[in-house]
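Asker: coordinates for the following, if possible.
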Amino acid sequence: MQDVVVIEDPAAAAASLDPLRARLLRELATPSSAAGLAAKVGLPRQKINYHLRSLEEHGLIELVEERRKGNVMERVLQATAASYVISPAALAAVEPDPTRYRDRFSAYWLLALASRMVHEVGRLIMGAAAAKQQLATFAVEGEITFASAASRAAFAEELAADVARLATKYHDAEAPGGRAHRVIVALHPSLKKDPRRQQGQSLSSSESQEIQP
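Answerer: Numbers count the residues shown, from 1 in each chain. Just a heads-up that it's a prediction; the model follows:
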């Protein structure tokens, strides 16, 4: 089982978005059979088998073993990943294009860059897995509280200058065997936390939409 699989096929994406199939994927983090899943979900085994066949056809689950149970051969299945991310490539016709606009202060450009990163890193992960190689990546994540919009703007300017300096220092387009790497640095406000969620209370979909950034 992989940690994360990026879904690019539109049919596989549609299959994973079905609420029941998403539940089955979560349950199949641990290997189980249709009978075992039927008991957990509370649905007939025949219906569970129907959904399992669809998930298996799209490569979202895989056969672990077959074992005889009485007169029946039971198939034990497991999810192919602990988590799934749907790539923008699944909606290729409307996939955001970062080259259409290059405004570093635009939230839409940030989304387009993030979408491209999901697509590209997903493809790289698949290639590295097929070649049985490690994929060299690096990420930094943190949270900063700015005293004012002016301090945020000053931070952004200094950060941009430092990234440009480092890029100039280490970029070597003529290096034999060199490989290009994409660098993305992002800054955006953190979502405001709802106190009910912190206390373990569930929110309805309408209440969740009311939480403003």
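Asker: which residue is the nearest non-sequential neighbour of Gly122?
Answerer: Using CB to CB, 6 or more residues apart in numbering and skipping the chain neighbours, the partner closest in space to Gly122 is Val6 (2.7 Å). In this view, the C-beta of every residue, glycine as well, is placed from N, C-alpha and C.
Asker: swap in Asn49?
Answerer: Residue nearest to Asn49 in three dimensions, not counting chain neighbours: Ala34, with 4.8 Å by CB to CB, 6+ apart.
Asker: now the helix or strand harbouring the residue nearest to Gly122 - C-alpha only, CSV.
Answerer: Counting by DSSP states H and E, the element that carries Val6 is strand 2-7. Once non-C-alpha atoms are left out, strand 2-7 reads as follows in CSV (Å, rounded to 0.1, in the frame of the first residue of the first chain):
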residue,chain,number,x,y,z
GLN,A,2,1.3,3.4,-0.9
ASP,A,3,0.9,6.5,1.3
VAL,A,4,-0.8,8.6,-1.3
VAL,A,5,-2.1,7.9,-4.8
VAL,A,6,-2.9,10.8,-7.2
ILE,A,7,-6.0,9.9,-9.3
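Asker: same question for it, mean pLDDT?
Answerer: For strand 2-7, the per-residue pLDDT values average out at 90.
Asker: from the chain's centroid, how far away is it?
Answerer: Between the mean C-alpha location of strand 2-7 and the chain-wide mean there is a distance of 7 Å, by CA atoms, centre = their mean, to the nearest Å.
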